[in-house]
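Colleague: need coordinates for the following:
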Amino acid sequence: ACIGPEGNRYVTTGQGPGTSHLHAFDRDGNLLWESPPQASLADLDSGAVGSGTLVDRQGDVYVSDYDQFWAFHSDGTLKWVSDLPTAGQPFISAIITNEGFVGGVTAGGEVALFDRNDGSFAVPVFQLPVGDPPPAAPPRPGLWVAGLMDPAIIPYVEAFFFGEVYQVANTPAVDPKTGRIYITAAGPLEDGLFTGLLYGLDIVGGEVQIAFAAPMGGGSGTSPAISPDGTQVYAADSDGVMNAFDADTGALIWQATGGAGSASPGVGPDGTVYSGNSLNPLTVVALDPADGSTRWTNNYDWLGAEILPVLPPAQPFFTGQPNARFNSVVSISAEKMWVVLGVGYQFYNPNTGRFSNQVRVTLLVSLDPADGSVIGYTALRDTNEGLISIGSDGSVTVSHAAMLSSIHYYGINNLLR
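Modeller: Numbers count the residues shown, from 1 in each chain. Sure thing, here's the model as predicted:
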């Protein structure tokens, strides 16, 4: 969910034709308006669920769907709608540049920026060099079925979430001083190995130019984050290696290995870099921005043991030991950091050879940034797998991607005795 200047929450869904896919709620959760129900791809379609909403200072709302880019006023009236450069290659999340343009980098690696007044292209569309993204994995069983999402878009939204198939599967970061845009993307295949690139992009003379293309590990990486002083940019690769780059030149400054983070980094006011790993027992990690050394790591299985009982083992599926695993991106407020933890039992699927956490309880948890200790928590309705939005009034809004819950409920329960 994105929070507007008036406190409204804007969230997308993707149930398909006959339903609305952009919803506006007030700060108390009352529905204010919805986009017109989808009758065809000419409407705001179910592809909107793969794109985060963006709100400008005037309260206007911007969102991408399968083939178009939409702008609404805060009362729900249409401001404009424009075609994306390529249908089926939407923005994961849009940005506003220092010049005031709105747009971003599409899943196909097209840098497309629009005039916020009328939706016309503000600069010529720029194509990033085409890389070799990882192919689609076998479908995760049960993911978003039984009416949770339009079946037509499940494969491509799944690919977004897992960094497969598409050139770009993340949100750009914009330096508020220099205006430089940073985005991770698929790199070329090298000796049979997937690589990634962090691009620094500038708008010069009315055109997009590549300032640098810094190599990193496999896949399209995570969404980049900029240090408070603007000198460093951070992004993790598909192997859980956190990389720190010089924001000006793209030179690699340090790498933190050992599962330092598979999630998009969050940066604290003091520059500390935070990330998490959904499979690694070191669930949340804090890194020193100077050299990538570990300031602290924390495991929260003790919290799982407080909430859930130890169960008799059921080989090969479960050990029966409760745990708590990272299920979000780290969000930072002035005095706390926020994560979602899925409390459950590690499940082994013999059909796929994969491990996952069968979540029984989902918790929104506030942590002390100094050491990762738990300040407090509250139970949520479903699994998160995404962002935690912090409002200027101190409220916290969490949306539910329902990935682990749908996989286990619809796809794995039938394997169990």
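Colleague: can you map out the strands along the stretch 201-350 of the chain?
Modeller: For the stretch 201-350 of the chain, the strands defined by DSSP state E, counting those that start in this stretch cover 207-216, 225-226, 232-236, 242-246, 252-256, 266-267, 273-276, 284-287, 294-298, 318-326, 331-332, 337-349.
Colleague: low-confidence bits of the stretch 201-350 of the chain, can you list those?
Modeller: 280 (pLDDT under 70).
Colleague: that older thread, how about the strands of the stretch 201-350 of the chain in JSON lines, adding mean neighbour count and distance to residue 175?
Modeller: (Glycine included, C-beta is placed from N, CA and C.) Shown next, in JSON lines, are the strands of the stretch 201-350 of the chain (neighbours: other Cβ atoms under 10 Å; distance: least, Cβ to Cβ, whole Å):
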{"stretch": "strand 207-216", "mean neighbour count": "17", "distance to residue 175": "11"}
{"stretch": "strand 225-226", "mean neighbour count": "22", "distance to residue 175": "6"}
{"stretch": "strand 232-236", "mean neighbour count": "28", "distance to residue 175": "9"}
{"stretch": "strand 242-246", "mean neighbour count": "24", "distance to residue 175": "13"}
{"stretch": "strand 252-256", "mean neighbour count": "17", "distance to residue 175": "16"}
{"stretch": "strand 266-267", "mean neighbour count": "22", "distance to residue 175": "13"}
{"stretch": "strand 273-276", "mean neighbour count": "27", "distance to residue 175": "17"}
{"stretch": "strand 284-287", "mean neighbour count": "26", "distance to residue 175": "21"}
{"stretch": "strand 294-298", "mean neighbour count": "17", "distance to residue 175": "25"}
{"stretch": "strand 318-326", "mean neighbour count": "20", "distance to residue 175": "28"}
{"stretch": "strand 331-332", "mean neighbour count": "18", "distance to residue 175": "18"}
{"stretch": "strand 337-349", "mean neighbour count": "23", "distance to residue 175": "23"}
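Colleague: what sits against the nearest residue in space to residue 325 that is not next to it in sequence?
Modeller: Leaving out its chain neighbours, the residue that sits closest to residue 325 by Cβ to Cβ, 6 or more residues apart in numbering is residue 357, at 4.5 Å. By Cβ atoms under 8 Å, 6 or more residues apart in numbering, the residues touching residue 357 are 278, 323, 325, 327, 342, 344-347, 404.
Colleague: those helices in the chain, which residues are they?
Modeller: Assigned by DSSP state H, the chain shows helices spanning 154-162, 301-307, 403-406.
Colleague: any chance of these in CSV, with distance to residue 103 and mean neighbour count too?
Modeller: Formatted as CSV, the helices of the chain follow (distance: least, Cβ to Cβ, whole Å; neighbours: other Cβ atoms under 10 Å):
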stretch, distance to residue 103, mean neighbour count
helix 154-162, 18, 18
helix 301-307, 41, 16
helix 403-406, 27, 24
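Colleague: could those go into TSV alongside distance to residue 257?
Modeller: Compiled in TSV, those are given as follows (distance: least, Cβ to Cβ, whole Å):
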stretch	distance to residue 257
helix 154-162	21
helix 301-307	23
helix 403-406	26
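Colleague: wait, which of these is closest to residue 232?
Modeller: helix 154-162 (26.5 Å; Cβ to Cβ).
Colleague: tell me the mean pLDDT for that closest one?
Modeller: Per-residue pLDDT values across helix 154-162 average out to 91.
Colleague: show me what contacts the residue of the chain positioned farthest from its centre?
Modeller: Relative to the centre of the chain, the most outlying C-alpha is that of residue 312, 35.6 Å out, by Cα atoms, centre = their mean. Residue 312 sits next to residue 320 when contact means Cβ under 8 Å, 6+ apart.
Colleague: go on, residue 48?
Modeller: By Cβ under 8 Å, 6+ apart, the residues touching residue 48 are 12-14, 21-22, 63-65.
Colleague: now, which of those sits nearest residue 236?
Modeller: Looking across the contacts of residue 48 and measuring by Cβ to Cβ, the closest to residue 236 is residue 64, at 24.0 Å.
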